[in-house]
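*Asks:* starting from these lines, generate the structure:
(2 chains)
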Number of protein chains: 2
Amino acid sequence: MATEKGALIVLSGPSGTGKSTVIRALLQLRDDIRFSISATTRQPRAGETDGVEYYFLTHAQFAAMLDRGEFLEHAEYVGNYYGTPAGPVEQQLAAGYNVLLDIEVQGASQVMACRPDAVTVFLIPPSFEELERRLRARATDNEPAIQGRLAKAREEYGRAHEYDHIVVNDLAESAARELDAIITAELSRRERRYHYILEALEGDKTL
Amino acid sequence: MATEKGALIVLSGPSGTGKSTVIRALLQLRDDIRFSISATTRQPRAGETDGVEYYFLTHAQFAAMLDRGEFLEHAEYVGNYYGTPAGPVEQQLAAGYNVLLDIEVQGASQVMACRPDAVTVFLIPPSFEELERRLRARATDNEPAIQGRLAKAREEYGRAHEYDHIVVNDLAESAARELDAIITAELSRRERRYHYILEALEGDKTL
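*Replies:* Below you'll find the model as predicted:
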């Protein structure tokens, strides 16, 4: 029997919800997760290696891939393009790994449009008050930036209905356990396991 | 906030697949599972108590409930009726428990018809050869009975496409872990958690 194909998981949610912490906790629970590497037209910074932090592309290369429909999602940010190349994701899935896309909400909607088979998870804080508290605790943003992030979060909550699952990040370990269960449940979906039924019926010499 | 409603889980599969062993292992993993008690028109045996092993009903009582559509599924077996009353299941779900129906394949199809929200799991042995080996190992059936069970299993495999998930019972503990994950994933479905989104948006005084 061939390797069973992995699941494509999209994890998204407002900034400040704690996606990175949850992902770190998830990696303690399972070793069959892989991540996609984004492509970008921005210049590599000191210490960054092509194919490690990013695939560094010229504008022409990026535009050509875009023309050929080779991105699962893409966006422009302060003059540079960023995108998730479909090819490497497809290779990891075919090799049986579950690929997790840690992605902002707009990009997630693009992925859903071209990959309806993706399992999508919207990660939220227990409340808006808690989100605000976390954003202030990071102390990386000034007040207008925090207000901007909160306004954006409200807007993003308006897209929660697009997702298969909603996970509340109260404790990162509990949220990671739910994500772990969502992946395990996805791998047991009938479409993925139906070959057992066919093999049993075909291989049955007594029929 | 009100108690979140539990999930209705239908576990089915051919006889001899090991459902009871998997359920025992599942109960080691979570304590939020409840079972339905079937109703039957057969006479109580020594030591059986009404409302414990079964709800014991007269034929007239059973027929009246059937008329009122109060069974999730029912069947006749050697002159007696058996059925799963919807009422107690609904009460357990409303109280936040996950209700597991351990049920044969025909009954499972009936439940799916009236409860499309049920999460359905088809439990199978690793192969037909293994199923045959397990049926012989039980040593409770003679050869014609074993052949009959195998023929029925083949027929039941033809209904596997009706289920949401297929779980292979190779090791009962692994199968139970998958079932556990399926329940956890179900509880995080967007429809069930959407109240977090609504509460956040409604409760947000800064909007």
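*Asks:* distance check, the closest residue to residue A:12 other than its chain neighbours against residue B:184.
*Replies:* Leaving aside its sequence neighbours, residue A:12 sits nearest to residue A:108 (C-beta to C-beta, 6 or more residues apart in numbering or on different chains; 3.9 Å). The C-beta positions use only the backbone N, C-alpha and C, and glycine is treated the same way. Distance of residue A:108 to residue B:184, given as C-beta to C-beta, to the nearest Å: 22 Å.
*Asks:* need the phi and psi values for the residue nearest to the spatial centre of chain A.
*Replies:* Centroid-nearest residue in chain A: residue A:101, 2.0 Å away (criterion: C-alpha atoms, centre = their mean). Residue A:101 adopts backbone torsions of phi -100, psi 110, taken as degrees, to the nearest 10.
*Asks:* hmm, it is touching residue A:110, no?
*Replies:* No: with contact defined as C-beta atoms under 8 Å, residue A:101 does not reach residue A:110; the gap is 10.6 Å.
*Asks:* shared neighbours, the two?
*Replies:* residue A:72 (C-beta atoms under 8 Å, 6 or more residues apart in numbering or on different chains).
*Asks:* surely residue A:81 is in a helix?
*Replies:* No: counting by DSSP: H, G, I helix; E, B strand; the rest coil, residue A:81 is not part of a helix but strand.
*Asks:* the helix or strand in which residue A:195 is found vs chain B: in contact?
*Replies:* In the assignment (DSSP states H and E), residue A:195 maps to helix A:190-203. Yes: using C-beta under 8 Å from any C-beta of the partner chain, helix A:190-203 reaches chain B at A:190, A:193, A:194, A:196, A:197, A:199, A:200, A:201, A:203.
*Asks:* give me the buried subset of these.
*Replies:* By neighbour count, with 16 or more other C-beta atoms under 10 Å in any protein chain shown, the residues of helix A:190-203 next to chain B hold A:190, A:193, A:196, A:197, A:200 as buried.
*Asks:* pick the one among these closest to residue B:160.
*Replies:* residue A:197 (4.5 Å; C-beta to C-beta).
*Asks:* for the closest one, which non-adjacent residue is spatially closest?
*Replies:* In space, residue A:197 is closest to residue B:160, 4.5 Å off (C-beta to C-beta, 6+ apart).
*Asks:* just list the residues touching that neighbour, thanks.
*Replies:* A:190, A:194, A:197, B:122, B:124, B:166.
*Asks:* hey, what's residue A:80 bridged with?
*Replies:* Assessed by DSSP bridges, residue A:80 has beta-bridge partners residue A:77.
*Asks:* for the particular helix or strand that has residue A:145 in it, buried residues please.
*Replies:* Using DSSP H and E, residue A:145 sits in helix A:143-157. Across helix A:143-157, burial judged by 16+ other C-beta under 10 Å covers A:146, A:149, A:150, A:153, A:154, A:156, A:157.
*Asks:* save the residues you listed as CSV, and put in distance to chain B and pLDDT too.
*Replies:* Output for these, formatted as CSV (distance: C-beta to the nearest C-beta, whole Å; pLDDT from 0 to 100):
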residue, distance to chain B, pLDDT
A:146, 12, 90
A:149, 12, 90
A:150, 7, 92
A:153, 9, 94
A:154, 7, 93
A:156, 10, 96
A:157, 5, 95
